[in-house]
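*Asks:* Just a sequence and a predicted model for now, questions to come.
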Amino acid sequence: MTDELYARLKAYEGQAAAASGVGKDPVNESMIRHWCEAMGDNNAAYAGPDAVAPPTMLQVWTMGGLSGHAGRTAAQDELFALLEGAGFTSVVATDCEQEYLRTLRPGNRITYDAVIECVSERKTTKLGTGYFITTRTDVRADGEPAGTHRFRVLKYAPRAREPKANRPRPVINRDNAGFWEKVAEHRLLIQRCGGCGTLRFPWLPGCGCCGSQDWDTVEASGSGSVFSYVVMHHPPFPAFDPPFAVGLIELAEGVRIVSSVVGVAHDKVRIGMPVELEFTSVDGEFELPVFRVVQGGAD
Amino acid sequence: MDRGLIGAGTALPPLTVPVTRTLIVAGAIASRDFQDVHHDAELAEQKGSPDIFMNILTTNGLVGRYVTDFFGEQALLRKVAIRLGAPNYPGDTMVLSGSIGAFDGTTAEVRVVGTNSLGNHVTGTVKVTLPGPARVREAEILPEAGA
């Protein structure tokens, strides 16, 4: 596949990115001090009456700041506009190579020229697909060469996020249809064996204790507590944002149900936490019973 | 505390840098870099980043500081070349480590790596020229293996 955009971008190689740029501030003690404070750099060479500038500030003296770059060329603007127009809207700096030819001192006036050195072919990275653009800036102090600054950025289209998938649907069959019908009405029904009276959940055709296939239901009061839980990290499932907690809730009636614990961070769920039943609407299509931590139940 | 001459293979003592929100913002502003991803968490998130992250100029400055902290105020940086990898997000810790790869008696080439909880934040090389006899503050002489 030929990359027509690349051919157009490549044409900018060798063109000026900045012409006769002028540093907005001369090299000065205040900016040096602010820099050293931020970096925690206590080097004595950068302080006092004979202070010099940290060499790694080279690029700082050429920065446009909030008011923007004045010396930038039309070619540089066009190159970036081409990329923006093609959807490569984000930018991140990846490489910086600086060579220092002389020591910068307060009072030095900074001027610079920059050239678009290289545009890479389209690359796919963790961040997304884009093009690496390398520029070289020649920095002068009072007209004398002071250093070169080679800078590489990736201009890229952020990796599209997968559209959020729907939550899995309950599998409804003849054995559990009655349960889901009542959930839709915001009622949680527990099966009760017609033979021995044992409560059971989830719904099943027969009793695990006596084998009877007779049953009726009792409605859960909604009170319960966290009997156990797991925190899911991996593998991710498209409908969920890991990490999240999955609770095994023991209802006041004694049966247990696997469900979401809501109203508390995944890492704050604890065994024994009192919870209360509520219902949540999923994708506007069906209801699910979930359990909200009762206030005062969290750490 | 001059403890010895340096040479190829000499390891620099590591420097631990707590990556605070303040460091990221202070570094960005001190380098006159007002890109929103370096100071505005909300806009950084809109651009797909989990939080603000350190700008390359700050990383560059920290690497320079790391090397001159070791060689002293008389040392002159000649070249700093860095490549960024895993971003430095607030709350993380970056540990800079380095070793001298080549040394001709005057100029040392130092390989520097900065790691955080996500991996290598920065890898690079620094050329530094030393004045007079190459004595350093706290040299730890290692065997030349891998140098």
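*Replies:* Structure's in. What do you need?
*Asks:* What's the local residue count around the residue of the stretch 101-250 of chain A found nearest chain B?
*Replies:* Residue of the stretch 101-250 of chain A nearest chain B, by C-beta to the nearest C-beta: A:Pro158 (4.5 Å). Any C-beta I mention is one placed from the backbone N, CA and C, and that applies to glycine too. Residues within reach of A:Pro158, counting by other C-beta atoms under 10 Å in any protein chain shown, total 16.
*Asks:* That one contacts A:Thr89, correct?
*Replies:* Yes - A:Pro158 is within contact range of A:Thr89, at 7.5 Å (criterion: C-beta atoms under 8 Å).
*Asks:* got the contact list for A:Ile116?
*Replies:* Remark: with contacts taken as C-beta atoms under 8 Å, 6 or more residues apart in numbering or on different chains, A:Ile116 is in contact with A:12-17, A:75-76, A:79, A:133-135.
*Asks:* what about it, distance to B:Asp36?
*Replies:* A:Ile116 is 25 Å from B:Asp36, where distance means C-beta to C-beta, to the nearest Å.
*Asks:* cool, and A:Phe291?
*Replies:* Taking C-beta to C-beta, one finds A:Phe291 at 40 Å from B:Asp36.
*Asks:* Please apply the same query to A:Ser90.
*Replies:* Taking C-beta to C-beta, one finds A:Ser90 at 12 Å from B:Asp36.
*Asks:* list the residues that contact both of those two?
*Replies:* Common neighbours of A:Ser90 and B:Asp36 (C-beta under 8 Å, 6+ apart) are B:Lys47.
*Asks:* What helix or strand is the most far-flung residue of chain A relative to its centre located in?
*Replies:* For chain A, the largest distance from the centre (C-alpha atoms, centre = their mean) belongs to A:Gly195, which lies 55.1 Å off. Using DSSP states H and E, no element contains A:Gly195; it sits outside every helix and strand.
*Asks:* Could I get the buried residue list for the host helix or strand of B:Val128?
*Replies:* Taking DSSP H and E as the criterion, B:Val128 maps to strand B:119-129. Neighbour-count burial for strand B:119-129 flags B:121-129 (criterion: 16 or more other C-beta atoms under 10 Å in any protein chain shown).
*Asks:* Out of those, which is nearest to A:Ala177?
*Replies:* Ranked by distance to A:Ala177 (C-beta to C-beta), those are led by B:His121 at 55.8 Å.
*Asks:* Which residues are in contact with the closest one?
*Replies:* B:54, B:59, B:84-88, B:94, B:114-115.
*Asks:* Which of those residues fall in helices?
*Replies:* Those of those mapping onto helices are B:Thr59, per DSSP state H.
*Asks:* Among the contacts of B:His121, which ones lie close to chain A?
*Replies:* Applying C-beta under 8 Å from any C-beta of the partner chain to these, one finds that B:Leu84 fall near chain A.
*Asks:* burial of A:Ala75, as a residue count?
*Replies:* The number of residues packed near A:Ala75 is 18, by other C-beta under 10 Å.
*Asks:* ditto for A:Arg122
*Replies:* A:Arg122, neighbours per other C-beta under 10 Å, totals 16.
*Asks:* Show the backbone phi and psi for the residue nearest to it when sequence neighbours are not counted.
*Replies:* Nearest non-adjacent residue to A:Arg122, counting by C-beta to C-beta, 6 or more residues apart in numbering or on different chains: A:Asp3, 5.5 Å away. The phi and psi values for A:Asp3, taken as degrees, to the nearest 10, are phi -100, psi 100.
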